[in-house]
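>>> Quick one, fold the following:
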Amino acid sequence: VQLLMVSRKGYRVVENAFGNGEYRFTVERLETNEVMTHLIQTIVVCTILYVVTDQLFLVVLVAIYQVYSYTSRQGRIRQETLMILPGFGIQLEKRYYDGRECCKLFASDDLKGCIINEGIHFFRIVSYLGLVLQSDPNLVLPFVEIELSLEDIRTCYQNIMNSSVMQSSYI
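Numbering: from 1, shown residues only. Here you go, the predicted model:
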């Protein structure tokens with residue numbers, strides 16, 4: 001059963017709940033004709049630069065940088081899914097722009113807790129969902145590249161804490 005499908009600034013959230021207690025929270029980047037936007041931006045920047053400086057070499061360097069900055073997104077995450085699997089644990093799936101997929105399962109026995117953490121980036125405060133594991137001293141942070149709203153993070157947190165995968169919270 002699909003509970004919610006919301007488009008927010010830059011991403012879409014799809015929540016699914018199933019009768020057996022399974023819960024799926026999927027976040028996907030929205031693509032708004034990104035190629036055309038980037039091409040127009042490159043043309044405008046290069047034209048202004050050529051008019052101002054009258055140096056073709058500099059314009060070519062800027063054009064090469066713009067192409068590189070666009071193609072470097074290939075290592076970025078396009079879609080990320082957190083699945084709560086009763087009796088098994090939590091599964092994180094990542095799909096990248098270049099077609100790669102990565103899937104990790106964190107067993108119920110290994111999950112110590114779930115927290116909402118805040119980090120400071122330049123002049124912004126960003127909230128993260130964090131999974132605390134017994135086997136790893138580092139937090140596992142799903143949805144890092146796609147900045148979620150605090151409302152979406154809370155929804156995910158509440159579903160994790162209310163599920164049977166969290167036996168007890170140490171927090």
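>>> what distance separates the start and the end of stretch 130-138?
Start-to-end span of stretch 130-138 (C-alpha to C-alpha, to the nearest Å) is 10 Å.
>>> Can you give the distance from it to the centre of its chain?
19 Å (C-alpha atoms, centre = their mean, to the nearest Å).
>>> mean confidence score for it?
Averaged across stretch 130-138, pLDDT comes to 91.
>>> what does stretch 50-69 give?
Per-residue scores along stretch 50-69 average to 77.
>>> for the chain, what helix or strand is lowest in average pLDDT?
strand 2-8 (a mean of 59; mean pLDDT, DSSP states H and E).
>>> which residues touch the residue nearest the centre of the chain?
In the chain, the C-alpha closest to the average C-alpha coordinate belongs to residue 146, at a distance of 3.0 Å (C-alpha atoms, centre = their mean). If you count contacts by C-beta atoms under 8 Å, 6 or more residues apart in numbering, residue 146 has them with 10, 11, 27, 29, 77, 80. All C-beta atoms are positioned from the backbone trio N, CA, C, and that covers glycine.
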